[in-house]
Every structure is written in structure tokens, then in C-alpha cells.
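A.B. asks: The amino acid sequence is not available; the structure is as follows:
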């Protein structure tokens, strides 16, 4: 766990430095995130330590912004006066965000082949762990005739 | 006679200690989380929202300070240790983004277009409605950042000088609304593929939506996490320019 944390802190530190000296408009942690994605793509795998820390953070992300949100105590009068406007703005924008994202993707995916024939699926199969692949091939070898007959019947 | 401290003095001592704010934050969140899990993950019982409401009531009612301002300052003195981890959590979002990338190689282009249109629609509608209904400058300002996952949103809020507090609060509310409404919206438009549902939830409902997505379908969860992170990164790069351009 510590190993994963150290790795994240180091990328955060590098990100903060790049943000301070090179790209001040982007927050340091975001630069750290981008650099870490690049590093992971370069390595081609996530180390389990890092993945454990990242999952823990993702699961309880909401806890981390509780302290800032409690500051709402200073804005209560303002929010009360504009409660209706705030509620309308938030509800409409949530509905639009979800609907438009989904509809755009649906529009693009009409021509897409069934998921089982897609590149993504083949890639996923490649990622399946060695064990399961071996199991599948072993099962095929054990009953070669049955599988052949099966495919013929399908056709 | 023994010099026993009256209970009120113990309280005064405790409430001035950073540890107390830390315990308060974690304990109320834990309580909220337990309720959330017990209720079969009902999005209305958002752990963060429960925690925020409880803390707000406690520090404003039980002599934390003479004014709300003072009470909050005192509370934040301890809670800043939790607050500090926001940046770290942002960097950690790299892992779900990377995992999503591995699954979406041939969907890269549609997803980028969908993310951009989704977040433009979300920010545009929120800002325009708040502005049109005269919601005041600080509220309108925070509508720019609220559509992004909170840790990144607060980083952006500091850059463009809008209130990080309102940003965080609006993000929490957005997450609750998104998690409640998403299944209905997606069903109305007959969206079936899990990866599309996940991506839309990641853009619209942030962290809370993602935990829900993961509990329904693994692939939806992975795409939701990736969409949330990617949306945050894109917004962090683009938003400061748009905001300064609009507010010249």
C-alpha cells in the first residue's frame, strides 16, 4: 500500500512542479494524473499496489471534499435566496449532461458491429488471464469432435 | 473538593483541537456510509451529504465559535488533513482512466466527442439558467466548475477564482441527482449497451454514479470512472481559457 501511495505522491509532486513553472493554467494534480496515465500506457500494466490505493481513493472520493463543502455554512443566506434558481440549474444540467452524452454515443455506435465482433472485445479476450485461456483450450482439446459438430450445426 | 472540569470546559478544550475536527469528519462520513450501504445504496442517503449536514449542524450549534465564520475556520484547522488528500486522489484517477483506455481503443473518437458535447451542454445550461434567474455572481461562477468531479473541480475553481466551497457543494448535489435520475433518463432514450450507460453516468453523476454503475455492471463502472476522469482532465485544460475569454 505504501509503495502505491509513494508513487502517487511523487507524480503529484512532479505535476505541481510542472504546473508552477511551465503550465500555470492547469492544476498540478491534473498534470500529475496525465503524466501517470502516460507512464502506465508506456509500461502497459498497473502494479497491484498502485491499483489498490487508487481503488480505495476512488471508492471514498466523496469523503475528501467534505471539509470544503462544510464551508456551505458561510453561503447559507445566499443559497436560500436563490434556492429555486440553483435547483433548476442543477437538475436541468444533470439531465442534459447524461442524455446528450448517451445520445451522441448511440448515434456513433449505430454502424458498429456487435460487441462480440469488435476490436475491443478481442482486446479484452487477450487480457483474460492466462489461466482461463488455458482452461478453455484444454476443454476444447478434451472434446474436439463435440466442438466441431457444434460449429457445423450452428452454420 | 476536587478540581473536576465541568463538562462544558472539556467540550471547549476538545472542540479547539484539530483531532476533534478530524474525528467529526470521519465519524459522520462513516455513519453516512453505513446508512447508505444498509439502505441498499439508495442515492438519497449520500454519505458525503449526510456528513456535511451533520457537521454543519454540530459546528454551528455547539459553541465552535461566535460566528459561523469562526466556527468554520476552527473546524477546517483540523479537517485540512483530509482536504489535503484531494490532490492525491486526483492523481490516483489515472488508474481508472488507463483501465478504460485499454477497453475502448476503437471507441476513442466517439467517446471524446460525446464527452465534449455532454460537458458543454451541462456547463452551458447550468451557467445560463443560473445567470438568467439572477442567482448572484458567486453561484453563477461555481456553475462553471460543478460539472467536473469534485477534486479536479476545486483545483479549477482556485485557478479561475470562483468559490471552491460552492463548487464542492454543487458537485455533491449533482452526484446525488445524477445517480437518482440516470437510470430513468437512459431508459427513456432506450440506451442499452453498458459502456454507453457507464460513460453517460460518469459525465453526469461523478463518483456516486460510478459506485452505482459498478454495482450493476463491471464494464459500466470502468467506463464511468474513465469518463469522469477524462472529463475532468479536459475541463481542467479548457475551462480556464473559456472562463477568462467570457469574463474579459
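C.D. replies: It's in. Predicted model, so just to flag it, every value in this text is computed and none were measured.
A.B. asks: and residue B:168, how many residues sit next to it?
C.D. replies: 32 (other Cβ atoms under 10 Å in any protein chain shown). C-beta: built from backbone N, CA, C; applies to glycine.
A.B. asks: And the strands in chain A?
C.D. replies: In chain A, no strands are defined using DSSP state E.
A.B. asks: Dead centre of it: give me the residue that sits there.
C.D. replies: residue A:58 (9.7 Å; Cα atoms, centre = their mean).
A.B. asks: okay but it is in contact with residue B:207, surely?
C.D. replies: Yes - using Cβ atoms under 8 Å, residue A:58 is in contact with residue B:207, at 7.3 Å.
A.B. asks: Mind listing what's buried along the helix ranked longest in chain A?
C.D. replies: In chain A, with assignment by DSSP state H, the single longest helix is helix A:83-109. Neighbour-count burial for helix A:83-109, with 16 or more other Cβ atoms under 10 Å in any protein chain shown as criterion, is recorded at A:85-86, A:88-106, A:108-109.
A.B. asks: now, which of the residues you listed lie close to chain B?
C.D. replies: When Cβ under 8 Å from any Cβ of the partner chain is applied, the members of the buried residues of helix A:83-109 adjacent to chain B are A:85-86, A:88-106, A:108-109.
A.B. asks: in the chain, which spans are helices?
C.D. replies: Went with chain A since none was named. A:2-21, A:28-43, A:48-59, A:61-64, A:66-70, A:76-81, A:83-109, A:119-127, A:130-142, A:144-154.
A.B. asks: meant chain B actually
C.D. replies: B:7-15, B:18-38, B:47-61, B:68-92, B:94-104, B:108-132, B:137-145, B:150-160, B:164-188, B:194-216, B:218-246.
A.B. asks: The second one near chain A anywhere?
C.D. replies: I take that to be helix B:18-38. Yes - Helix B:18-38 comes into contact with chain A (Cβ under 8 Å from any Cβ), by way of B:25, B:26, B:28, B:29, B:33.
A.B. asks: how many neighbours does the last one have?
C.D. replies: I take that to be residue B:33. 20.
A.B. asks: try the second one
C.D. replies: By the criterion of other Cβ under 10 Å, residue B:26 has 15 neighbours.
A.B. asks: quick one: contacts for it?
C.D. replies: A:63, B:82 (Cβ atoms under 8 Å, 6 or more residues apart in numbering or on different chains).
A.B. asks: change it to 6 Å
C.D. replies: Applying Cβ atoms under 6 Å, 6 or more residues apart in numbering or on different chains to residue B:26 gives no contacts.
A.B. asks: Please report the distance of residue B:173 from residue B:197.
C.D. replies: 22 Å (Cβ to Cβ, to the nearest Å).
A.B. asks: wait, I meant residue A:17
C.D. replies: In terms of Cβ to Cβ, residue A:17 sits 39 Å off from residue B:197.
A.B. asks: ok, these two, which is more surrounded?
C.D. replies: Each of residue A:17 and residue B:197 has its neighbours counted (other Cβ under 10 Å); residue B:197 has more, 26 against 13.
A.B. asks: How much space separates the more buried one from chain A?
C.D. replies: Separation of residue B:197 from chain A (Cβ to the nearest Cβ, to the nearest Å) stands at 7 Å.
A.B. asks: Out of the helices of chain A, which one sits most buried?
C.D. replies: helix A:66-70 (a mean of 28; mean count of other Cβ atoms under 10 Å in any protein chain shown).
A.B. asks: And the contacts of that one?
C.D. replies: B:25, B:48, B:51-52, B:55-56, B:79, B:82-83, B:164-165, B:168-169, B:172.
A.B. asks: ok, and the most crowded of these?
C.D. replies: Neighbour-wise, those (other Cβ under 10 Å) top out at residue B:168, 32 neighbours.
A.B. asks: For the spatially closest residue to residue B:171 that is not a sequence neighbour, list the residues it contacts.
C.D. replies: Using Cβ to Cβ, 6 or more residues apart in numbering or on different chains and skipping the chain neighbours, the partner closest in space to residue B:171 is residue B:150 (4.3 Å). By Cβ under 6 Å, 6+ apart, the contact set of residue B:150 is A:65, B:168, B:171.
A.B. asks: 7 Å instead, please
C.D. replies: Contact analysis of residue B:150 by Cβ atoms under 7 Å, 6 or more residues apart in numbering or on different chains lists A:65, B:168, B:171, B:206.
A.B. asks: what's the burial count for the third one?
C.D. replies: Taking other Cβ under 10 Å as the neighbour definition, residue B:171 ends up with a count of 31.
A.B. asks: returning to that earlier point: please report how far the residue nearest to the centre of chain A lies from residue B:91.
C.D. replies: 12 Å.
A.B. asks: repeat for residue A:108
C.D. replies: If you go by Cβ to Cβ, the gap between residue A:108 and residue B:91 works out to 30 Å.
A.B. asks: cool, and residue A:95?
C.D. replies: 31 Å.
A.B. asks: I'd like to check which residues are in contact with residue A:98.
C.D. replies: Per Cβ under 7 Å, 6+ apart, neighbours of residue A:98: B:178, B:182, B:185, B:186, B:200, B:201, B:203, B:204.
A.B. asks: Which ones, among these, also lie beside chain A?
C.D. replies: Subset of the contacts of residue A:98 in contact with chain A: B:178, B:182, B:185, B:186, B:200, B:201, B:203, B:204, counting by Cβ under 7 Å from any Cβ of the partner chain.
A.B. asks: The last one contacts residue A:99, correct?
C.D. replies: No - with the criterion set as Cβ atoms under 7 Å, residue B:204 and residue A:99 do not qualify as a contacting pair; they are 8.4 Å apart.
A.B. asks: low-confidence ranges in the chain?
C.D. replies: Unless you meant another one, I'm taking chain A. Along chain A, segments meeting pLDDT under 70 span A:110-131, A:133, A:143-155.
A.B. asks: look at chain B instead
C.D. replies: For chain B, the ranges with pLDDT under 70 are B:1-16, B:63-65.
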